[in-house]
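# Sequence and computational prediction follow.
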Amino acid sequence: MVDTPIRVCLVSPGLLPVPATQGGAIETLMTTLMRQNERFHRMDLTAVSPDEPKARALAEEYRSTHVVFLQSPGLPYKVANRVRNLWNRKKRSRVSACYAKALVEIKKAGPFDVVVIEGGPCDAMAPYEDYRGDALMYHLHYDPTTPSHSTGYSRVIAVSDYVANSWRRNCLDPVTDVHVAHNGIDASKFQRGFTEDDRKAIRARFGFAPDDFVALYCGRIIDSLVDALRKLNGDPRRLESMSQAALLHLRKFTGESFYRESVETIGE
């Protein structure tokens, strides 16, 4: 007798597509899970994502994952959606246009055994809570540093013990069932061999001398990284080179960014 795979729906934050054709930590993690599910077939998986041509083409390659694409008007919609999400933290009866569209598609594709909100509002939106009840879970990807409400989820899945403890400290009405599931990585990304010529070429590209000590940061541009750049002492040329590398990251993955002006100022 073959066990029936559990039916799981992952709802992305709605800013970048899945499969992850434009980067994004959460979107990349969702894509990694989709790839693993192709190998082991543990789930009947559905992912909800904003529409994007390259992602739509890649999604055709998956057999154990169905990707539901939501139409998006573009950048103005994304900015407005962020504002609505902030508002929703205070008024749980409201739901953003992105999550409202997602819920319509979830009801069409369901029922699901589990619905996981990947990032997004830490306070469960009432329409989702009414639909899934105990099967509604929240995947916590960030460090909650300010007090906030967090009702409506039956379980919170944190990416680290540090993040889970921050949730317990700062959430005013925290879910007691908090589990930690560490992010997996694609080890092959960190196992590439470099020749001495490769090393020199990469250093020269960013203005570093062969013997310069270089600190690498893996992740998106955030406040703490900008602060670290400001506090660095020493050769201004190195600061400029690091700022240029940060801007290259911004251009490649996110286009315009709230951090662009700060990083450009540091490099001047």
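Received the coordinates, thanks. Residues are numbered from 1 along each chain as shown.
# Could you report the distance from P147 to D173?
P147 is 10 Å from D173, where distance means CB to CB, to the nearest Å. Placement of C-beta: from N, CA and C, glycine included.
# got it, and Q22?
35 Å.
# Which one's more surrounded, those two?
Q22 (19 against 10; other CB atoms under 10 Å).
# Remind me which helix or strand that one belongs to.
Following DSSP states H and E, there is no helix or strand that holds Q22.
# Which residue ranges of the stretch 51-200 of the chain form helices?
Assigned by DSSP state H, counting those that start in this stretch, the helices in the stretch 51-200 of the chain fall at 53-59, 75-88, 97-109, 126-132, 161-170, 196-205.
# buried stuff in the last one?
Yep, that's helix 196-205 we're talking about. For helix 196-205, burial by neighbour count (16 or more other CB atoms under 10 Å) applies to R203.
# cool, and stretch 40-47?
For stretch 40-47, a neighbour-count test (16+ other CB under 10 Å) marks M43, D44, L45, T46, A47 as buried.
# Can you name the two of those residues that sit furthest apart?
Using CB to CB, the pair of the buried residues of stretch 40-47 lying farthest apart is D44 and A47, separated by 11.8 Å.
# Please settle this for me: is E38 part of a strand?
No: E38 is assigned helix when assessed by DSSP: H, G, I helix; E, B strand; the rest coil, not a strand.
# you'd agree A209 is up against K200?
No: contact criterion CB atoms under 8 Å: A209 and K200 do not qualify, at 9.9 Å.
# and K101, what pLDDT?
Predicted confidence (pLDDT) for K101: 86.
# these two touch, right, it and L70?
Yes: contact criterion CB under 8 Å: K101 and L70 qualify, at 4.9 Å.
# where do the contact lists of the two overlap?
Listed as contacting both K101 and L70 by CB atoms under 8 Å, 6 or more residues apart in numbering is no residue at all.
# returning to that earlier point: in a markdown table, list the buried residues of stretch 40-47 along with secondary structure and pLDDT.
Output for the buried residues of stretch 40-47, formatted as a markdown table (DSSP: H, G, I helix; E, B strand; the rest coil; pLDDT from 0 to 100):
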| residue | secondary structure | pLDDT |
| --- | --- | --- |
| M43 | strand | 93 |
| D44 | strand | 94 |
| L45 | strand | 95 |
| T46 | strand | 96 |
| A47 | strand | 96 |
